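J.: Next input, structure requested:
(one chain, ligands or ions: 1)
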Amino acid sequence: MRLFLDTANFKEVRHGVELGVISGVTTNPTLVAKEGHPDFKAAVREICGLVDGPVSAEVLSLDRQGMMREAREVAGWAPNVVVKLPITADGLAATSVLSREGIKINLTLCFSANQALLAALAGATFVSPFVGRLDDAGHDGMAIVADIAQVFARCHYTTQVLAASIRHPLHCVVAAKAGADVATIPYKVLMQMIQHPLTDIGIARFLEDWRKVYEREEVKTL
Ligand code: E4P
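T.: Prediction:
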């Protein structure tokens, strides 16, 4: 399973890429608005330049024609841009046309295996089940990811399962076990994944033991 960062913050993307563990980025209108980017196109192009992998940028139109117009424009902003559309009837219709044109689509706001199945049939490159929001609504979000992965494997669909709305590190492990191709995670979750108190204690003890023997005054003066 690969990891994408779910952010529109340049600094976070830069750091994730620097760590060598992030191979793509997803954004949405909320994340872009949170950063207050004055120019959406410039922000998407900047992020696309920071990471080699796919960068999802969401359109705002809700009707098929509007989605297709926006998608064709956004697709021209950078070679690694992926257009994000909501899974609606218009979103599916737009996807089936755009995917035949070679435009990569991430169908977002997926909350059921049936929606994901339709996304695959429409030719989406990614489908994004929203795990945390399903959990918030009292469902088992990760069970939907597992169902989708099973259906896609069984039917030989090539659409990638992108586990989204990830809230904590355990979600990542479970998404990988469930068969997700990608998990898109907030920067905070990436930092939480790195941390372990026993790692910190272990480092401190190694240094302390080393210094006791090799950094005593009499050893240093030899
Ligand atoms: C996915 O692409 C979305 O941007 C994101 O994961 C939504 O997460 P949220 O439910 O935390 O807003």
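J.: Next up, the contacts around His37.
T.: By Cβ atoms under 8 Å, 6 or more residues apart in numbering, the contact set of His37 is Ala8, Ala43. Quick note: C-beta positions are derived from backbone N, CA and C, even for glycine.
J.: same thing with the one 5 residues further on?
T.: Under the criterion of Cβ under 8 Å, 6+ apart, Ala42 has no neighbours.
J.: how much space between it and Gly24?
T.: 19 Å (Cβ to Cβ, to the nearest Å).
J.: ok, and for the lengthiest helix in the chain, which residues are buried?
T.: Among the segments of the chain that qualify as a helix by DSSP state H, the longest is helix 197-214. When burial is assessed from 16 or more other Cβ atoms under 10 Å, helix 197-214 yields no buried residues.
J.: low pLDDT regions in the chain?
T.: 217-222 (pLDDT under 70).
J.: Please list the residues of it that sit near the ligand.
T.: Within the chain, the positions adjacent to the ligand are Asp6, Thr26, Asn28, Thr108, Ser128, Phe130, Gly132, Arg133, Ala164, Ser165, Thr184 by Cβ under 6 Å from any ligand atom.
J.: Got the phi and psi for the residue lying closest to the first one once chain neighbours are set aside?
T.: Leaving aside its sequence neighbours, Asp6 sits nearest to Thr184 (Cβ to Cβ, 6 or more residues apart in numbering; 4.4 Å). Thr184 has phi and psi values of phi -100, psi 120 when expressed as degrees, to the nearest 10.
J.: Show me what Thr184 bridges to in the sheet.
T.: Phe4 (DSSP bridges).
J.: what about it, distance to Ala57?
T.: Relative to Ala57, and taking Cβ to Cβ, Thr184 is found at 13 Å.
J.: for Leu98, what are its contacts?
T.: Per Cβ under 8 Å, 6+ apart, neighbours of Leu98: Met68, Ala71, Arg72, Ala75, Val83, Ile105.
J.: which one among those gets closest to Ala113?
T.: Using Cβ to Cβ, Ile105 comes nearest to Ala113 of the contacts of Leu98, at 18.5 Å.
J.: list the contacts for that closest one?
T.: 71, 82-85, 94-95, 98-99, 122-126.
J.: quick one on the thing from earlier: now the longest helix of the chain - C-alpha only, PDB.
T.: Taking C-alpha atoms only, helix 197-214 is exported to PDB below (Å, rounded to 0.1, in the frame of the first residue of the first chain):
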ATOM      1  CA  PRO A 197       8.100   6.100  23.000                       C
ATOM      2  CA  LEU A 198      10.200   3.000  23.000                       C
ATOM      3  CA  THR A 199      12.200   4.300  20.000                       C
ATOM      4  CA  ASP A 200      12.900   7.500  22.000                       C
ATOM      5  CA  ILE A 201      13.900   5.600  25.100                       C
ATOM      6  CA  GLY A 202      16.100   3.300  23.100                       C
ATOM      7  CA  ILE A 203      18.000   6.100  21.400                       C
ATOM      8  CA  ALA A 204      18.500   7.800  24.800                       C
ATOM      9  CA  ARG A 205      19.800   4.600  26.300                       C
ATOM     10  CA  PHE A 206      22.200   3.800  23.400                       C
ATOM     11  CA  LEU A 207      23.700   7.300  23.600                       C
ATOM     12  CA  GLU A 208      24.000   7.200  27.400                       C
ATOM     13  CA  ASP A 209      25.800   3.700  27.300                       C
ATOM     14  CA  TRP A 210      28.200   4.900  24.600                       C
ATOM     15  CA  ARG A 211      29.000   8.100  26.400                       C
ATOM     16  CA  LYS A 212      29.700   6.300  29.700                       C
ATOM     17  CA  VAL A 213      32.500   4.300  28.100                       C
ATOM     18  CA  TYR A 214      33.800   6.500  25.200                       C
END
